[in-house]
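**Student:** Let me see the structure of the following:
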Amino acid sequence: MFKKLFGKKEEHTKIEQEKVLAPVTGELVELSEVPDPTFSEKMMGDGVAIKPTNGAFVAPVTGEVVNLFPTKHAIGIKSEAGVEYLIHIGLETVALDGEGFEAHVKQGDKVSAGDLLVTVDLETVGAKANLISPVVITNEVASVQKEASAQSVVKGETVIMTIDMK
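**Tutor:** The predicted model follows:
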């Protein structure tokens, strides 16, 4: 309040770089290897994909759940740095209409990196869809450094991308 009265500007910490953690345990894959041109040709944005070996999907960054699709197969998170991420669990999973998915968050929830978002029954979903799960940045950033593919990643622990802000 005093800052407003005396004309002092509020100072905000500008985040210049953001580390993105694996949202699920599995194998890191190049986005170009995703068998869906929407992702492999980066129509939605740049990023990586993971072949999950576990069904627990967690927040890759601290931020807010800005979109949780009714079918629970995709989650949008806006980080504290203002980067917008889409976690798309599997391919053609929208057709499952939520079968095999359980959401643990709702739109508008604040989450910390590592917080549980969605659990997936990999057997049920894997029998009807491809489990490869893209993690893409849907807004503009200065640069994206991706970790080497074909490595094992652990949800909430392994850094999969480093984002430099504009």
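**Student:** only C-alpha atoms for contact and neighbour calcs from this point on.
**Tutor:** Will do.
**Student:** List of residues touching stretch 112-132?
**Tutor:** With contacts defined as CA atoms under 8 Å, 6 or more residues apart in numbering, stretch 112-132 is touched by 21, 23, 34, 49-52, 54-63, 72, 89-93, 96, 99-105, 155-157.
**Student:** next one: stretch 47-54
**Tutor:** Here stretch 47-54 makes contact (CA under 8 Å, 6+ apart) with 24-31, 34, 122, 131-137, 144, 146, 160-161.
**Student:** This protein: strands as residue ranges?
**Tutor:** 17-21, 26-30, 47-52, 56-58, 63-68, 74-79, 84-88, 101-103, 110-111, 116-120, 133-137, 143-146, 152-153, 159-164 (DSSP state E).
**Student:** Mean neighbour count and mean pLDDT added to those, as JSON lines?
**Tutor:** Shown next, in JSON lines, are the strands of the chain (neighbours: other CA atoms under 10 Å; pLDDT from 0 to 100):
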{"stretch": "strand 17-21", "mean neighbour count": "19", "mean pLDDT": "97"}
{"stretch": "strand 26-30", "mean neighbour count": "21", "mean pLDDT": "97"}
{"stretch": "strand 47-52", "mean neighbour count": "26", "mean pLDDT": "98"}
{"stretch": "strand 56-58", "mean neighbour count": "22", "mean pLDDT": "98"}
{"stretch": "strand 63-68", "mean neighbour count": "20", "mean pLDDT": "98"}
{"stretch": "strand 74-79", "mean neighbour count": "23", "mean pLDDT": "98"}
{"stretch": "strand 84-88", "mean neighbour count": "22", "mean pLDDT": "98"}
{"stretch": "strand 101-103", "mean neighbour count": "19", "mean pLDDT": "98"}
{"stretch": "strand 110-111", "mean neighbour count": "18", "mean pLDDT": "98"}
{"stretch": "strand 116-120", "mean neighbour count": "21", "mean pLDDT": "98"}
{"stretch": "strand 133-137", "mean neighbour count": "25", "mean pLDDT": "98"}
{"stretch": "strand 143-146", "mean neighbour count": "14", "mean pLDDT": "96"}
{"stretch": "strand 152-153", "mean neighbour count": "20", "mean pLDDT": "98"}
{"stretch": "strand 159-164", "mean neighbour count": "19", "mean pLDDT": "97"}
